[in-house]
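Engineer: Below are the sequence and a predicted model for it; my questions follow.
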Amino acid sequence: MIIFINGSINSGKTTIAGHLLKKIPNTAHIEVDALREFIKWMPLEQSIPINLENTVSIIKNFIKRGINVVVTYPLSQKNYDYLLDQLEDLNEKIHAFTLNPRQDIVLTKRGIRALTNKEKERVKYHYQIGINNPSFGKVVDNSNHTPEETVKIILDSIGLRPPE
């Protein structure tokens with residue numbers, strides 16, 4: 001199983017992924033932004049296609065070994081379509097969820113993360129272009145949900161009842 005957790009910066013993707021890993025046995029987390037660390041000297045727009053190619057390779061490697069995957073990244077429609085196309089040969093169930101808290105919430109300090117001005121501008125850009133409300137997958141307004149409540153929505157949507 002592959003689960004994409006989409007959403008803007010600071011929407012809760014990594015937090016939700018961590019909770020999902022505790023609920024779904026045998027699951028790996030691929031944080032696409034972490035792959036950028038290999039080529040952080042490269043401008044962001046140039047690194048995105050490489051990071052997505054690497055993500056596909058890592059997903060395939062885990063799935064081949066029977067490991068579920070949770071992938072976190074702010075996905076545009078174009079990038080989501082690319083990933084689906086590249087993963088089509090896996091014949092694996094793919095689920096997509098977008099975390100869509102209100103923008104004013106995302107722009108505040110949530111948990112331990114304080115956004116830089118550059119990140120705040122990126123959040124505004126993501127909301128402007130619709131990363132927070134795409135036409136694919138299920139959109140979850142997690143403005144007033146705890147991480148546990150958001151994870152329950154995701155697990156219910158995919159029909160998974162993990163052991164307590």
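Structural biologist: Arrived safely, thanks for sending.

Engineer: From now on I want contacts and neighbour counts done on CA atoms only, so please keep to that.
Structural biologist: Noted.

Engineer: hey, where'd the helices end up in the chain?
Structural biologist: With DSSP state H, the ranges of helices along the chain come out as 13-23, 32-35, 44-64, 77-87, 103-106, 117-129, 147-157.

Engineer: now for the fifth one, which elements pack on it?
Structural biologist: The contact analysis (3 or more C-alpha pairs under 8 Å, 6 or more residues apart in numbering; DSSP states H and E) places helix 103-106 against helix 117-129.

Engineer: Same question for the first one.
Structural biologist: Using 3+ C-alpha pairs under 8 Å, 6+ apart as the contact criterion, the neighbours of helix 13-23 among helices and strands are strand 2-7, strand 27-31, strand 68-72, helix 147-157.

Engineer: how many degrees apart are it and helix 147-157 in direction?
Structural biologist: 70 degrees (axes from the mean of the first three to the mean of the last three C-alpha atoms, to 10 degrees).

Engineer: quick one: helix 13-23 to strand 68-72, angle?
Structural biologist: 170 degrees.

Engineer: If you count neighbours, what's buried in helix 13-23?
Structural biologist: For helix 13-23, a neighbour-count test (16 or more other C-alpha atoms under 10 Å) marks K13, T14, I16, A17, L20, L21, K23 as buried.

Engineer: Could you pull up the residues touching the fourth one?
Structural biologist: With C-alpha atoms under 8 Å, 6 or more residues apart in numbering as the criterion, the residues that contact A17 are I5, H29, V70, V71, T72.

Engineer: shaky segments in the protein?
Structural biologist: Counting by pLDDT under 70, the chain contains low-confidence ranges at 110-111, 162-164.

Engineer: One more pass at 80, please.
Structural biologist: 109-113, 161-164 (pLDDT under 80).

Engineer: looking at it, A28 is touching L21, isn't it?
Structural biologist: Yes - applying C-alpha atoms under 8 Å, one finds A28 in contact with L21, separated by 7.1 Å.

Engineer: list residues touching both of the two?
Structural biologist: Joint contacts of A28 and L21 (C-alpha under 8 Å, 6+ apart) are V70.

Engineer: related to what we said a few turns ago, quick one: the helices of the chain as a markdown table, columns for distance to S135 too.
Structural biologist: Output for these, formatted as a markdown table (distance: least, C-alpha to C-alpha, whole Å):
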| stretch | distance to S135 |
| --- | --- |
| helix 13-23 | 18 |
| helix 32-35 | 21 |
| helix 44-64 | 20 |
| helix 77-87 | 8 |
| helix 103-106 | 18 |
| helix 117-129 | 12 |
| helix 147-157 | 17 |
